[in-house]
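Enquirer: okay, sequence plus prediction incoming.
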Amino acid sequence: MKIIDFFSDYYRPQRLLGKSSETTRLYRLSIRSFGKTLGTVARLPHLTDVNVTRHMQTVLDAGRSKATANKDRSQLLTLWRHASRLGMVDSWPNVPQLVEPERTPEAWLPEEFDRLLKAVDSQQGKIGEVPRSLWWRAIILLCLDTGERITAVRTAKWDWFYGEWVKVPAESRKGKHRDRLYRLNAETTAELENMRGYSRKDVFPWPYCDGYLWTLFGKLLKEANLPSGRRDKFHKIRRTTGSVAHAAGLDAQEVLDHQYRRTTQRYIDPRFTRTQQACDVIGGFLGRGDATPTEVTA
């Protein structure tokens, strides 16, 4: 049996019931990528330690990150274990996870975000029937105001909005556990009002395939002369919201709706923190400026 058929006929209806379409998309991408490594359509017998490890190496050799290799590994092994439990394969996976480097969180600085919005304003043409510049400005500002994930924002409906408030239903959010209510900035509210005449239901009508959204956003970042790597896409706006909120004294964990504070710590750009850096006290140690060196004792 083809792995993609096993996913569609067995795993998805049994294990992904009620999950977002984004989860399905990521599984399909991993299966397709695995098939490219194999040079053929991936089938259940292809799920071996050797093949999965070879695929992870192929991902790395192509210049992709360890996180991407681990994502493919995780999803392939999940399907493999499920097939084993159903008696459709005889083996059980034993493929170690790659150790990923811990990255310093990076948010957009004010001058960078200003460059992004200027690039947005220079956009020509339309997305569907909506002027391209209006579409991008509205979705970016909504992401920034709420700190919501792009998968929720891009599916926004007009009945979520009333005045300066938006309520994102649990069904559209990661985990699907609870609704979230956000108050919006006046500029964001005005841009959204300008969007109302173009669609009765969807705030951000999107006539293209899902993945093209990230492609176009990457092009937009390049036009703004900004970094456009994997960590510079929509989630960087979410890190910006968390970092700005933290710097202002808000509870970033609550703002980003994280269950654990250690998760939030991976979102806070240290350039936004109010804690002192080493360079702030070194002047006193060396007797520079007005600072008085502290006596050092053995």
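Expert: Happy to help now that I have it. Computed from a predicted structure; not experimentally measured.
Enquirer: can you show me the helices along the stretch 151-298 of the chain?
Expert: 186-195, 212-223, 234-247, 252-256, 261-265, 278-286 (DSSP state H, counting those that start in this stretch).
Enquirer: can you say which of those is nearest to residue 10?
Expert: With distances scored as Cβ to Cβ, the stretch of the helices of the stretch 151-298 of the chain nearest to residue 10 is helix 212-223 (28.9 Å). Yep, even glycine has a C-beta here, placed from its N, CA and C like the rest.
Enquirer: for the closest one, packing partners?
Expert: helix 110-121 (3 or more Cβ pairs under 8 Å, 6 or more residues apart in numbering; DSSP states H and E).
Enquirer: which parts of the helix it packs on are buried?
Expert: 112-113, 115-117, 119-120 (16 or more other Cβ atoms under 10 Å).
Enquirer: ditto for stretch 174-188
Expert: For stretch 174-188, by 16+ other Cβ under 10 Å, it's 180, 182, 184, 188.
Enquirer: can you redo these as a markdown table with pLDDT and distance to residue 17?
Expert: A markdown table is the format used below for those (pLDDT from 0 to 100; distance: Cβ to Cβ, whole Å):
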| residue | pLDDT | distance to residue 17 |
| --- | --- | --- |
| 180 | 97 | 23 |
| 182 | 98 | 28 |
| 184 | 98 | 33 |
| 188 | 98 | 34 |
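Enquirer: now do the strands in the stretch 51-200 of the chain.
Expert: Ranges of strands within the stretch 51-200 of the chain are 126-127, 130-131, 161-162, 165-168, 180-183, based on DSSP state E, counting those that start in this stretch.
Enquirer: give me the buried positions along the fourth one.
Expert: It refers to strand 165-168. Buried residues in strand 165-168 (16+ other Cβ under 10 Å): 166, 168.
Enquirer: can you check stretch 118-132 too?
Expert: Neighbour-count burial for stretch 118-132 [16+ other Cβ under 10 Å]: 119-120, 123, 127, 130-132.
Enquirer: pLDDT on that stretch, on average?
Expert: On average, the pLDDT along stretch 118-132 is 97.
Enquirer: what do you get for stretch 34-43?
Expert: 98.
Enquirer: now it: buried residues?
Expert: 34-35, 37, 42.
Enquirer: with stretch 82-91 instead?
Expert: Quick answer for stretch 82-91 (16+ other Cβ under 10 Å): 82-84, 89.
Enquirer: of those residues, closest to residue 176?
Expert: Out of those, the member with the shortest distance to residue 176 (by Cβ to Cβ) is residue 82, at 21.1 Å.
Enquirer: please state the offset of the helix or strand bottoming out on mean pLDDT in the chain from the chain centre?
Expert: The weakest-scoring helix or strand in the chain, judged by mean pLDDT, DSSP states H and E, is helix 278-286 (a mean of 81). Offset of helix 278-286 from its chain centre (Cα atoms, centre = their mean, to the nearest Å): 37 Å.
Enquirer: now swap in stretch 7-17 and tell me
Expert: Using Cα atoms, centre = their mean, the offset of stretch 7-17 from its chain centre is 24 Å.
Enquirer: got the buried residues for it?
Expert: 7, 10-12.
Enquirer: so which of those residues belong to helices?
Expert: residue 12 (DSSP state H).
Enquirer: re earlier: can you pick out the most distant pair from the buried residues of stretch 118-132?
Expert: Maximum distance among the buried residues of stretch 118-132 (Cβ to Cβ): 17.3 Å, for 119 and 130.
Enquirer: leaving out chain neighbours, which residue sits closest to residue 271?
Expert: residue 109 (7.1 Å; Cβ to Cβ, 6 or more residues apart in numbering).
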